[in-house]
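A.B. asks: This is a predicted model, with the sequence first.
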Amino acid sequence: MTNNNAIPTSSQASPAVDHESISRAKQHIKDGLATRRPWKVMFDFHSMGLPHNVSDAFSRIKTNLAYFRSSYAIVVLNVIFFSLIWHPTSLIVFAGLVFLWIFLYFLRDEPLKVFRFQIDDRAILIGLSVITIVLLLLTNATFNIVAALVAGAVLVLIHAVVRKTDDLFLDEDAATTETSGLTSHPSS
């Protein structure tokens, strides 16, 4: 005597769990991208100008590197990607590394902890950068990678020097308050 009602429902529950997992992942990606600095702020042409002196240039570099850290990482990763178009093995390795970057740096909403030690964002950025460079250099695309890193660094430094820092807020609450104040004005 078999009981037809006793058929395991794990295969029926699986699509619901997969759908729920996919929805959660989509929401996590949207939330992670929402916390990144907007490209519009990064490329605001009204906020561009040459520094007055070397001290001002170094101050801008320091502030802009801290403020646009994620955006600068995306710029450098894109430059590396385009330099590897003609090196399929390196491109495959790079694609795997991009997923590592996405999950460990860009979309992480909690601090990374290893053996009860909290790892700060700067250490993760440096660690991922070193891992990326070393693994890509092992794929025999050394010239392309070095040229891409130099080009990416030059692009980042040019932007960091030219972008004024007067309108940037390193404090998230101040930036949110300023942004909401700017968007709430009625148009006349």
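C.D. replies: Nice, thanks for sending it over.
A.B. asks: quick one: contacts of stretch 128-140?
C.D. replies: 80, 84, 87, 89-90, 93-94, 97, 100-101, 104-105, 145, 149 (Cβ atoms under 8 Å, 6 or more residues apart in numbering). All C-beta spots, glycine's among them, are computed from the backbone N, C-alpha and C.
A.B. asks: Likewise for stretch 55-71?
C.D. replies: By Cβ under 8 Å, 6+ apart, stretch 55-71 touches 36-37, 39, 42, 51, 72, 105-106, 121, 125, 156-157, 159-165, 168, 170.
A.B. asks: Helices of the protein, residue ranges please.
C.D. replies: 10-34, 39-42, 54-67, 69-83, 88-101, 121-137, 142-162, 172-183 (DSSP state H).
A.B. asks: export the contacts of stretch 128-140 to JSON lines and tack on pLDDT?
C.D. replies: What follows is the contacts of stretch 128-140, written out as JSON lines (pLDDT from 0 to 100):
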{"residue": "Ile80", "pLDDT": "87"}
{"residue": "Leu84", "pLDDT": "85"}
{"residue": "His87", "pLDDT": "87"}
{"residue": "Thr89", "pLDDT": "87"}
{"residue": "Ser90", "pLDDT": "85"}
{"residue": "Val93", "pLDDT": "87"}
{"residue": "Phe94", "pLDDT": "84"}
{"residue": "Leu97", "pLDDT": "86"}
{"residue": "Leu100", "pLDDT": "86"}
{"residue": "Trp101", "pLDDT": "83"}
{"residue": "Leu104", "pLDDT": "80"}
{"residue": "Tyr105", "pLDDT": "77"}
{"residue": "Ile145", "pLDDT": "84"}
{"residue": "Leu149", "pLDDT": "90"}
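A.B. asks: Just the buried subset of the residues you listed, written out for ChimeraX, thanks.
C.D. replies: The following ChimeraX line selects those of these that are buried, judged by 16 or more other Cβ atoms under 10 Å:
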select :80,84,87,90,93,94,97,101,104,105,145,149
